[in-house]
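Colleague: I need the structure of the sequence given here:
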Amino acid sequence: MMNSMTLESDIDTLLVRMDKIGDLVVSLNANEHPALEGQRCLWLVNQGLSWVMNASEPRKNYIEFEKKLRISRFFSLVSQIKKLHLQQAIVFQAPWFIGLALFLARVPIRIGRKSQWHSFFFFNRGIRQKRSLSDRHESQYNWDLISEGLHWNSYPTITFPQMKAPTQPPIENWSLKNKEYCVVHPGMMGSALNWPTDSYKSLIEALREKINVVITGTAADRPWTSPLKSIPDPEKNILWLNEKLSGDELLILLKNARFVIAPSTGVIHLAAALNTPVVGFYSPRIVEKETRWGPLTDKKIIFSPPTNRRNDPACMHLITEENVFNELEKKQLL
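Modeller: Modelled structure (predicted):
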């Protein structure tokens with residue numbers, strides 16, 4: 001359940017984010033909030049995301065815990081939290097039983113959003129936030145939660161999350177050279193509208209005439225990656241690494257790319273945190289907009305259809321491959 005780092009017996013603050021990769025990455029700057037300056041912080045994250053935490057800069061202490069409720073492990077978590085002698089816990093996102101664990105462990109200050117029924121019982125500093133309005137970035141919502149929960153009088157400007165990729169294996173193992181390839185990650189978990197597969201195909205065909213293209217993705221991304229194999233001469237200047245990479249290998253690949261193309265998914269946030277230029281495709285729907293879920297970086301090109309077409313599922317077709325390619329040339333990325 002715990003990471004390999006040695007935890008101090010006393011931790012001041014527990015920070016909790018137990019959902020997907022991208023959501024975790026845009027939350028990793030929470031340590032930089034001035035209200036937590038000098039605090040000994042510990043993160044509670046979803047099982048399997050140790051590679052994200054290990055790459056975070058500055059390095060963070062963390063505990064992994066699976067989102068599925070198992071009674072024996074639940075009480076083990078309660079016991080572990082008690083031993084930490086926490087002053088406070090700040091829950092950005094977690095299943096309901098995490099709030100119960102904090103309550104049973106008698107954490108003095110329990111901060112979280114007032115939303116579902118359990119938040120009214122388990123958080124003694126519940127904060128109302130209308131995140132569905134998407135009028136600010138997810139990271140800003142997190143910082144606002146900290147400010148209000150800890151009665152911080154000022155509202156500082158958020159910092160950008162930073163990550164450091166491992167050094168092994170070298171990219172030469174994939175016959176790649178630093179900044180002489182781009183990464184296209186077309187898949188996503190379906191939480192927002194994506195750019196059409198045919199558009200990705202056309203863009204990849206144009207890109208490979210200028211630069212080597214690396215395709216990434218997991219088994220869950222097959223609805224987007226499998227159709228790309230119909231590209232004529234699919235091995236020409238294309239390296240297929242989908243379903244072949246560990247988390248550390250993905251970070252290495254993203255860090256050394258000239259730029260990364262992806263929809264609203266974890267990969268675009270990882271690349272942004274690694275300081276690699278990103279090109280993103282974002283839905284105009286209110287809860288899916290770039291305003292809330294965009295990559296936190298100055299090195300970004302974002303495409304989104306006009307907002308008056310937000311109720312049209314086909315609106316992502318309005319982003320043309322020509323516009324994307326031309327913008328890459330304009331930014332001197334090709």
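Colleague: check the gap between the most centrally placed residue in the chain and Leu241 for me.
Modeller: The C-alpha lying nearest the average C-alpha coordinate of the chain belongs to Gly22 (C-alpha atoms, centre = their mean; 1.3 Å). As judged by C-beta to C-beta, to the nearest Å, Gly22 and Leu241 stand 20 Å apart. Heads up, the C-betas are built off the backbone N, CA and C, glycines and all.
Colleague: in which helix or strand does the residue nearest to the centre of the chain reside?
Modeller: Gly22 belongs to helix 21-25 when assigned by DSSP states H and E.
Colleague: who are the packing partners of that helix?
Modeller: helix 50-55, helix 266-273 (3 or more C-beta pairs under 8 Å, 6 or more residues apart in numbering; DSSP states H and E).
Colleague: contacts for it?
Modeller: Helix 21-25 has contacts (C-beta atoms under 8 Å, 6 or more residues apart in numbering) with 17, 45-46, 49, 52, 93, 138, 161, 163, 264-270, 273, 293.
Colleague: give the buried residues for it.
Modeller: Neighbour counts over helix 21-25 (16 or more other C-beta atoms under 10 Å) mark 21-25 as buried.
Colleague: would you mind writing the CA trace of that helix as PDB?
Modeller: Extracted in PDB, the C-alpha atoms of helix 21-25 (Å, rounded to 0.1, in the frame of the first residue of the first chain):
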ATOM      1  CA  ILE A  21      -3.800  10.100 -14.400                       C
ATOM      2  CA  GLY A  22      -4.600  13.600 -15.800                       C
ATOM      3  CA  ASP A  23      -6.600  14.600 -12.800                       C
ATOM      4  CA  LEU A  24      -3.800  13.600 -10.500                       C
ATOM      5  CA  VAL A  25      -1.100  15.400 -12.600                       C
END
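Colleague: report the distance from stretch 221-231 to the chain centre.
Modeller: 23 Å (C-alpha atoms, centre = their mean, to the nearest Å).
Colleague: what is the end-to-end distance of that stretch?
Modeller: Start-to-end span of stretch 221-231 (C-alpha to C-alpha, to the nearest Å) is 17 Å.
Colleague: need the three-state assignment for Val183.
Modeller: Using DSSP: H, G, I helix; E, B strand; the rest coil, the secondary structure recorded for Val183 is strand.
Colleague: who's it bridged to?
Modeller: Assessed by DSSP bridges, Val183 has beta-bridge partners Val214, Val260.
Colleague: got the contact list for Gln39?
Modeller: Taking C-beta under 8 Å, 6+ apart, we find Gln39 in contact with 12-13.
Colleague: name the SS class of it, please.
Modeller: Applying three-state DSSP: Gln39 is coil.
Colleague: over to the one 5 residues further on?
Modeller: Recorded secondary structure, Leu44: strand (three-state DSSP).
Colleague: which residue is the nearest non-sequential neighbour of it?
Modeller: Val16 (4.5 Å; C-beta to C-beta, 6 or more residues apart in numbering).
Colleague: contacts for the host helix or strand of that neighbour?
Modeller: Here Val16, judged by DSSP H and E, is contained in strand 13-17. For strand 13-17, the surrounding residues in contact (C-beta under 8 Å, 6+ apart) are 23-24, 27, 30-31, 36, 39-45, 81, 84, 86-94, 98, 102, 107.
Colleague: got the angle between that strand and strand 41-46?
Modeller: Interaxial angle of strand 13-17 relative to strand 41-46 (axes from the mean of the first three to the mean of the last three C-alpha atoms, to 10 degrees): 20 degrees.
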